[in-house]
Each structure stands twice: as C-alpha cells, then as structure tokens.
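1. no sequence on this one, just coordinates:
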C-alpha cells in the first residue's frame, strides 16, 4: 500500500491562499493598465488626417484646378470641395461642416494673397492640420499664407482643450462616487442611492462650472447652460453606475473606467476630432456621452447653440435613460434577493453569513475607492 503524501504545512497552505487572493485583486489594476494603454495609445499616438473637410474658394478655373490637384495628391486624407465665395465658406465653418477654406480669388478676377479661414473653437488640432496643408500650397505659390480664425477659443482656453479637462474632472467625480454609493450606501436601497447620486452629480457639476468659469475662464459665458449640460452628463454616469453595481459588484469600477475613461475620453473630440483618429473612435464620437458633453459645450459657447447641439443633448438624455433602466433592473433584482431570504430565521442566517464575510466586503470597498481614483 502506498503511503499517503504528507500534508502540506499549514504555513504553506496559508501562503498559497494569500497569493491566490492577492493575484485575484491585482487582476483589476493590470486590466486597467492594459485597457488604458490600448485606448490612449490607439487613439492618440499617431494623429493622421482622413476625410478632413476643406474647401478651395473661388469661381476661377484656377480654383477648380487647385481643388482637383489637391484632392488627387492628398487622396483619402482630405475631402476637397470648391465654394463660390467667402460668405458660403464662412457659413459652413460656423456650421462645423468644414474645417478650413482656402481663398484663391475674391470674385473680382484679382489674385489676392493666399488666405485660409479656420474655426479653431471647433478643434484647434484640426485647424492646425489644415494650416499645415495650406502652408505647403501657399509656399508653392510663393506667397505668405494669412490665417483668419473666424471662431477663436476663449481667452482662458488658448489650446482649445479646456473643455476636455473639464470632462475629465466631471467623469472622475461621477464614476468615483459610484463605488461609495454602491457599497457604503447599500442599506439605502436603490431609490435612496439614486437620490443621493443625483445630489452628488449636482455638487460635481457645480464644482465643474465654478472652476471652469470664474476660476480659470475656460467657460466665459452661458454658465447656466454649461452647468446644466454637466449635471446631465454626470447624472447619467452616476445612475448607470449605481444600477450596474448591483450586478457587477467589485467589477463595477473597472467597467465604468472602460465606459467613461478608456472609450469616453478618447472619443470625446476634446484633443483630436474623429478626422484625425482611427475609425473606432470616430464611430463612438457620434453617440458617446463624453462627445455629447464636449461638442455640446462647444456648440453653446462658440456656435450660438447650433452645429448639432440638439443631437448632442439627445445623446446625453439617452445615457440618462440607460441609467434609469439599469436602476429599474437593479431594484427588481434586489427585491428578488430580499424575497429569497424567506423567513426570519433565513434572514438571521444570511446576516450571520454577511458578518462572516465583512472583511472581504471591506477590502472590496477600499479597492473600489482606490481604483475609482486611478485615472
């Protein structure tokens, strides 16, 4: 008879348990690292124009020839059109259907010095890309290029990226609150957590507009409209996070980081608009909530509430509705779980089991709160 293998020392078993527990918890930050690396480097590492909307302005044959030659040379990097006069070009720039317009003639037959019209408030990086293209065209013509910015950014936001950093602040405050509301606020029930969440989103939005407005002057007018947009944005994240927490528990923070950091910041258009990014981020830009906030705020601040503001507000409302649906699902699941406890004795047994696992719950709470700040 084969002798039984000696039992592993208690210390070795404890060590294996500790290491297994540690690796399980380290999985989340490792996945965060992987996701952030793929998302940020994938979106920002090599901004390359594709289908950048530009125009050559003029009625002369030279304008048509220049447009055709530029399109042939640039290929899919540019979409070149011809426009009859400056007024049409300016309107399309203000409508945000055009990124740059190069004036060849002024309709009188004279050949003025080359002039480029841009609207940097729509996207400073896209305006710079267009300027680089037409600087080369003007150099071939042997004349200096005059750049006219029809819609500049606020004096407090010379880079045009201030709204993006406001988005970052709102997002971190919103999804970071979910870890606390979903764990420390569990005794409140779904409705109670949702009410506190809406109030928390209000506080976050007030902080956002005060810092972006009177403090740093990124927002220099329409404070109420930008604040309302920020509250709508933050509330959608908070309510969706509270609803998802019932289903995902300790994986909620990672999920929210994927949704509202990795995919959100990269597709918002706050640094590069879709015409300078890979196609995935351009597709997300059409409906993701970060793009809804950034582009909606740009429309309010710089384009008189036009340029697609209604669609952007609608996208934010859609995310809010998704949050309400997630809350409804969470309330239904929590009622089912409460009913499953059954009799008073079952509830007492369940309470004892919860008390026995209090250490793990505490670890999960601390882990979620730490992860919520890991941006």
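-> Now that the structure is in, tell me what you want to look at. Computed from a prediction, not measured in an experiment: that's the story for all the values here.

2. Show me which positions of stretch 24-35 end up buried.
-> By 16 or more other C-beta atoms under 10 Å, the buried positions in stretch 24-35 come out as 28, 32, 35. Where C-beta positions appear, they are placed from N, C-alpha and C, glycine not excepted.

3. which strands and helices sit next to the longest helix along the chain?
-> For the chain, the longest helix by residue count, based on DSSP state H, is helix 10-44. With contacts defined as 3 or more C-beta pairs under 8 Å, 6 or more residues apart in numbering; DSSP states H and E, the packing partners of helix 10-44 are helix 252-257, helix 264-267, helix 279-285, helix 358-372.

4. gap between that helix and the chain center?
-> In this view, helix 10-44 has its centroid 25 Å away from the chain centroid, taken as C-alpha atoms, centre = their mean, to the nearest Å.

5. Quick check: mean pLDDT of it?
-> Taken as a whole, helix 10-44 has a mean pLDDT of 83.

6. From residue 162, how far off is the closest residue to residue 296 other than its chain neighbours?
-> On the basis of C-beta to C-beta, 6 or more residues apart in numbering, the spatially nearest residue to residue 296 that is not a chain neighbour turns out to be residue 312, at 3.6 Å. Distance check for residue 312 against residue 162: by C-beta to C-beta, to the nearest Å, it reads 18 Å.

7. for residue 37, same thing?
-> Where residue 162 is concerned, residue 37 sits at a distance of 26 Å (C-beta to C-beta).

8. same question, residue 140
-> For residue 140, the distance to residue 162 equals 36 Å [C-beta to C-beta].

9. Residue 148 too?
-> According to C-beta to C-beta, residue 148 stands 22 Å off from residue 162.

10. more crowded one of the two?
-> More neighbours sit around residue 162 than around the other of residue 148 and residue 162, counting by other C-beta atoms under 10 Å; the figures are 20 against 14.

11. Can you read off the backbone torsions of the more buried one?
-> Residue 162 adopts backbone torsions of phi -60, psi -40, taken as degrees, to the nearest 10.

12. so it sits right up against residue 218, yeah?
-> Yes. Residue 162 lies in contact with residue 218 (C-beta atoms under 8 Å); the separation is 3.3 Å.

13. Which residues are in contact with each of those two?
-> Contact criterion C-beta atoms under 8 Å, 6 or more residues apart in numbering; residues shared by residue 162 and residue 218: 154, 156, 212.

14. Name the nearest residue to the first one, sequence neighbours excluded.
-> The shortest distance from residue 154 to any non-neighbouring residue, by C-beta to C-beta, 6+ apart, is to residue 220 (4.5 Å).

15. Now do the SS call for the one you found.
-> Three-state assignment for residue 220 (DSSP: H, G, I helix; E, B strand; the rest coil): coil.

16. Quick check: phi and psi on it?
-> Phi and psi for residue 220, reported as degrees, to the nearest 10, are phi -110, psi 0.

17. Might you report the residue contacts of it?
-> Contacts for residue 220 (C-beta under 8 Å, 6+ apart) come out as 154-156, 213, 301.

18. Inside helices: which ones of those?
-> Secondary structure from DSSP H places residue 301 of the contacts of residue 220 in helices.

19. Quick one, which of the contacts of residue 220 are buried?
-> With neighbours counted by 16+ other C-beta under 10 Å, those contain buried members at 154, 213, 301.

20. Let me know whether the last one touches residue 152 as I believe.
-> No. With contact defined as C-beta under 8 Å, residue 301 does not count as touching residue 152 (11.2 Å).

21. that older thread, okay if I get the shared contacts of residue 162 and residue 218 as CSV plus distance to residue 134 and pLDDT?
-> Supplementary listing: the shared contacts of residue 162 and residue 218 in CSV, determined by distance: C-beta to C-beta, whole Å; pLDDT from 0 to 100:
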residue, distance to residue 134, pLDDT
154, 25, 91
156, 28, 92
212, 32, 95
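
22. which residue packs closest to residue 68, ignoring adjacent ones?
-> Of all residues beyond its chain neighbours, the one nearest residue 68 is residue 80 (8.0 Å), with distances taken as C-beta to C-beta, 6+ apart.

23. hang on, the one you found is in a strand, isn't it?
-> Yes. Under three-state DSSP, residue 80 sits within a strand.

24. Give me the below-cutoff pLDDT ranges for this protein.
-> For the chain, applying pLDDT under 70 flags the ranges 1-10, 105-112, 342-375.

25. how about the helices in it?
-> Assigned by DSSP H, the helices in the chain fall at 10-44, 61-74, 86-94, 124-141, 162-183, 189-210, 223-248, 252-257, 264-267, 279-285, 289-302, 309-340, 344-356, 358-372.

26. Count the neighbours of the residue nearest to residue 296 for me.
-> As a burial measure, residue 312 scores 23 neighbours (other C-beta under 10 Å).

27. got it, and the one 5 residues further on?
-> Residue 317 has 14 neighbouring residues, counting by other C-beta under 10 Å.

28. Does it touch residue 232 like I think?
-> Yes. Taking C-beta under 8 Å as the definition, residue 317 is a contact partner of residue 232 at 7.2 Å.

29. Break the protein into its domains for me.
-> The chain resolves into domains spanning 52-149, 157-372 when parsed by automatic domain parsing.

30. Same list (those domains) but as CSV, adding distance to residue 46.
-> Output for those, formatted as CSV (distance: least, C-beta to C-beta, whole Å):
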stretch, distance to residue 46
domain 52-149, 13
domain 157-372, 9
